[in-house]
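Enquirer: whatever this is, show me its structure:
(chains A, B, C and D, ligands or ions: 2)
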2 protein chains.
Amino acid sequence: MSGGVEWALHCCTLLSRSAEPVPAVKLAEFHDVSPSYLAKQLQLLSRAGLVRSAQGNSGGYALTRAATQITVLDVVEAIDGALPAFRCTEVRQRGPMATPAERCTAPCTIAQVMDSADRAWRDSLRAVTIADLVADADRVIPPETIERTRAWLRGGTVVPGT
Amino acid sequence: MSGGVEWALHCCTLLSRSAEPVPAVKLAEFHDVSPSYLAKQLQLLSRAGLVRSAQGNSGGYALTRAATQITVLDVVEAIDGALPAFRCTEVRQRGPMATPAERCTAPCTIAQVMDSADRAWRDSLRAVTIADLVADADRVIPPETIERTRAWLRGGTVVPGT
DNA sequence: GGCTCACGGACAAAAGTTATCCGAGTTGGG
DNA sequence: CCCAACTCGGATAACTTTTGTCCGTGAGCC
Ligand code: FES
Ligand code: FES
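Expert: Ligands and ions are numbered 1, 2, ... in the order given. Sure thing, here's the model as predicted:
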């Protein structure tokens, strides 16, 4: 799985805290990651329709829907692609004892099992929304830090310890 | 996911049909895949303890336990590795608003969700054994073909159409 | 009209995979 | 007992996908 999924999910939780758009550079600075690469991930989120990009001087990224309407699976599929990890090559139709194509109406049992597991994985991710993540984070992070984060997102660059 | 997983699983179902060891070359010929590469996959299965290799003139590979005692997950983890797809980089501990390490006693919520999904995936694969796969294949493949396969595994190279 | 900002694609580096080879060890037969 | 054939095993190379970076283009704001 792509490592950028972690960044994207953290960015979504952060975006849900800000009413105004947040530039990609600021998101990168907040997480201390490569701005160029994070821009690519945000682009993927934009293509998937999860975030909306606003250009111009006070532009940036913002969620298109409420955090309760965005599942973790949405983000994962936007970054990693929606195609299943296991890909059947139809080995059974090759070799000296090949199964004739006419009998291959149903997918191979092995492919079925893999597909079922993949579905279980997706169902598990679909059950959690960004709002759930934020709610759980609020339970751990002290309220003061949350307010400081909001201020940091809103204002310019904060010089720590001043 | 590695494409060799499909080969390995098909090989396991095939091995469960033969009491005697089957050489890697024969397994490769049966599935019409690269013998050299399949050898590598079988090596991984051997390291994982799923199959036992016998050298010498009448050597080859054989399952170490009954097909009912080998799950699909065992094979997948042997080939693809047992580490989860999602890897948390602890982004929360970086950047200007970094969470102090002392508060990071529990894993990040996002990591928990990912881990839960991964567990669901593995549970799904663990629930199916090689024996289940064989039983399901027997329901589809005509008995005559199964017997021909057994004979092909036992005997030398079969010249088709002669 | 000048400025900043985000988008998009082009481009290089790294990792992981796919594929192949030859040597070490073992078995069976002469 | 020796030989020869056959097997696995690990080391090695080519390829593909992923990861990471960069700059040019176009759009909004002042
Ligand atoms: S032929 Fe693809 S999984 Fe069996
Ligand atoms: S810090 Fe790794 S998933 Fe949140």
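Enquirer: for the rest of this, base every contact and every neighbour count on C-alpha atoms.
Expert: Noted.
Enquirer: mind telling me what element the closest residue to A:E29 other than its chain neighbours is part of?
Expert: Nearest residue to A:E29 in three dimensions, chain neighbours excluded: B:G95, at 6.5 Å (CA to CA, 6 or more residues apart in numbering or on different chains). Using DSSP states H and E, B:G95 is not contained in any helix or strand.
Enquirer: do A:S53 as well
Expert: A:S53 is part of strand A:51-54, with elements assigned from DSSP H and E.
Enquirer: please point out which parts of that strand sit buried.
Expert: Going by neighbour count (16 or more other CA atoms under 10 Å in any protein chain shown), the buried part of strand A:51-54 is A:V51, A:R52, A:S53.
Enquirer: just to check, the last one is in contact with A:A62?
Expert: Which is A:S53. Yes - contact criterion CA atoms under 8 Å: A:S53 and A:A62 qualify, at 6.6 Å.
Enquirer: who touches the closest residue to DNA strand C within chain A in this structure?
Expert: DNA strand C sits closest to A:P23 of chain A, with a gap of 2.8 Å, by CA to the nearest atom of the strand. Residues counted as contacts of A:P23 (CA atoms under 8 Å, 6 or more residues apart in numbering or on different chains) are A:G59, A:G60, A:Y61.
Enquirer: got the residue ranges for the helices in chain A?
Expert: Secondary structure of chain A (DSSP state H): helices at A:4-15, A:24-31, A:35-47, A:72-80, A:109-126, A:130-140, A:143-154.
Enquirer: excluding its backbone neighbours, what's nearest A:S2?
Expert: A:D80 (6.0 Å).
Enquirer: thought that neighbour was touching A:A8?
Expert: No - counting by CA under 8 Å, A:D80 stays clear of A:A8, with 10.7 Å between them.
Enquirer: these two - which one has more neighbours?
Expert: When A:D80 and A:A8 are compared on other CA atoms under 10 Å in any protein chain shown, the one with more neighbours turns out to be A:A8, at 21 against 15.
Enquirer: so does stretch A:76-96 get close to ligand 1?
Expert: Yes - Stretch A:76-96 lies within reach of ligand 1 by CA under 6 Å from any ligand atom, at A:C88, A:T89, A:E90, A:V91, A:R92.
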